[in-house]
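>>> coordinates only, no sequence provided:
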Ligand code: PGA
């Protein structure tokens, strides 16, 4: 059985004091949960402070993005090595907001993913279709393209450091989550594709998170689906109590 994995993507929210308040509260509520892997992804400016609170706890820290070089003249960018230095064990890559607003392409994301995996950082790699794509019955072909191009040249052994997050764009921040059936259908498609490309074991062991308007009220039903192994949570992760309820819903 795959251990559930729940991550909070804070996006561009929380100044340092607010970030500290959130993780201190979270630590109090979920500090003894061992049945679920828990990750928070604060904005870069809060990583250092949050890291000091999370030291020696069950809560890991991730970044929301990173670049594909160790150092150099890349104004405004942050390297995986810097993220490891500040205490991150994870980074998100390919979030739909990065794809949409910052023009991150499948090819660029593939280059970033390959580089990041050489550094030891683990990756939550996001995929998902837009509303128009779903309405035109393109969901599977979009997921196939994002995964085949995004994970191109990876070895099956690389996949133990990768989690896929299925995040339909139409469900992100809209309050309109995918139904458990829609999520299961997409997750099963992704798992079958990974099995075909990277082998039975890689597919069987790959955690697939669902993301898009996950709330305490819908978490239980979504996680009960066979191929839903956890969540990438945006809005509801900004509050310790609601994020904790989602984590608790994932305890098998
Ligand atoms: P949401 O965001 O939970 O606010 O819909 C999810 C995400 O973008 O990861």
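Ah, there it is. Computed from a predicted structure; not experimentally measured.
>>> after the helix or strand encompassing residue 28, next one along is what?
Assigned by DSSP states H and E, residue 28 belongs to helix 16-30. Next along the chain after helix 16-30, taking DSSP H and E as the criterion, comes strand 37-41.
>>> could you give the separation of that next one from the chain centroid?
Mean-position distance between strand 37-41 and its chain equals 9 Å (C-alpha atoms, centre = their mean, to the nearest Å).
>>> coming back round to it: next, the angle strand 37-41 makes with the helix holding residue 28.
On the basis of axes from the mean of the first three to the mean of the last three C-alpha atoms, to 10 degrees, helix 16-30 is oriented at 170 degrees to strand 37-41.
>>> check which helices and strands helix 16-30 is in contact with.
For helix 16-30, the packing partners by 3 or more C-beta pairs under 8 Å, 6 or more residues apart in numbering; DSSP states H and E come out as strand 37-41, helix 47-54, strand 59-63, helix 240-249. No exception for glycine: its C-beta is placed from N, CA and C like everyone else's.
>>> in JSON lines, list these along with mean pLDDT and distance to residue 150.
Putting the helices and strands packed on helix 16-30 into JSON lines (pLDDT from 0 to 100; distance: least, C-beta to C-beta, whole Å) gives the following:
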{"stretch": "strand 37-41", "mean pLDDT": "98", "distance to residue 150": "19"}
{"stretch": "helix 47-54", "mean pLDDT": "98", "distance to residue 150": "25"}
{"stretch": "strand 59-63", "mean pLDDT": "98", "distance to residue 150": "18"}
{"stretch": "helix 240-249", "mean pLDDT": "98", "distance to residue 150": "26"}
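>>> just say which of those is most tucked in.
Most buried of the helices and strands packed on helix 16-30 by mean neighbour count (mean count of other C-beta atoms under 10 Å) is strand 37-41; its value is a mean of 25.
>>> so what does that strand touch, helix or strand wise?
Here strand 37-41 touches strand 5-9, helix 16-30, strand 59-63, strand 90-93, going by 3+ C-beta pairs under 8 Å, 6+ apart.
>>> what mean pLDDT does the shortest one get?
Same thing as strand 90-93. Strand 90-93 comes out with an average pLDDT of 98.
>>> now swap in the first one and tell me
When pLDDT is averaged over strand 5-9, the result is 98.
>>> neighbouring strands of it in the sheet, and parallel or not?
The strands that strand 5-9 pairs with in its sheet are strand 37-41 (parallel), strand 230-233 (parallel) (by DSSP bridges).
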